[in-house]
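Asks: Predicted structure and sequence below. I'll ask about it afterward.
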Amino acid sequence: MSRIQAIHWKEFEKFLIYVGCTFKRERGDHRVYWKLGMKRPIVIPRDTSLPAFIILNNLKLLGITREEYLKIIARL
């Protein structure tokens, strides 16, 4: 199993849009995305790179495994 590395927030945004999330709003330096059927929104900071723990927490909310995430990121 490969490790999840920190990536730029714009790359993660491309991933979120690819899996069906829509951008809802921005407050300060945080962007909020929503997907139908989710209990909570996905919130990501607009830092230059997102740490792995933020990516992992959001993958849990989306119900996406590490392997699926890595395959999608490799395609984008």
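Replies: In hand now; what should we look at? Numbering: from 1, shown residues only.
Asks: can you give me the end-to-end distance of stretch 9-25?
Replies: Terminal residues of stretch 9-25 are spaced 15 Å apart (C-alpha to C-alpha, to the nearest Å).
Asks: Contacts for it, please.
Replies: With contact meaning C-beta atoms under 8 Å, 6 or more residues apart in numbering, stretch 9-25 is reached by 31-36, 41-42, 44-50, 55, 58, 62, 64, 69, 72-73, 76. For every residue, glycine as well, the C-beta is placed using N, CA and C.
Asks: In this protein, where is pLDDT below threshold?
Replies: Residues of the chain that meet the criterion pLDDT under 70 lie in 1.
Asks: Quick one: the helices in it, in order.
Replies: 9-18, 52-62, 66-75 (DSSP state H).
Asks: Columns mean neighbour count on top of these, output as a markdown table?
Replies: Putting those into a markdown table (neighbours: other C-beta atoms under 10 Å) gives the following:
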| stretch | mean neighbour count |
| --- | --- |
| helix 9-18 | 16 |
| helix 52-62 | 15 |
| helix 66-75 | 13 |
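Asks: now what about stretch 26-37, what contacts it?
Replies: Contacts for stretch 26-37 (C-beta under 8 Å, 6+ apart): 9, 13, 16, 19-25, 41-47, 62.
Asks: Would you mind listing which of the residues you listed are buried?
Replies: Neighbour-count burial (16 or more other C-beta atoms under 10 Å) applied to the contacts of stretch 26-37 gives 9, 13, 16, 19, 21, 42, 44, 62.
Asks: what residues are up against the last one?
Replies: Under the criterion of C-beta under 8 Å, 6+ apart, the contact list for L62 reads 19, 21, 35, 38, 42.
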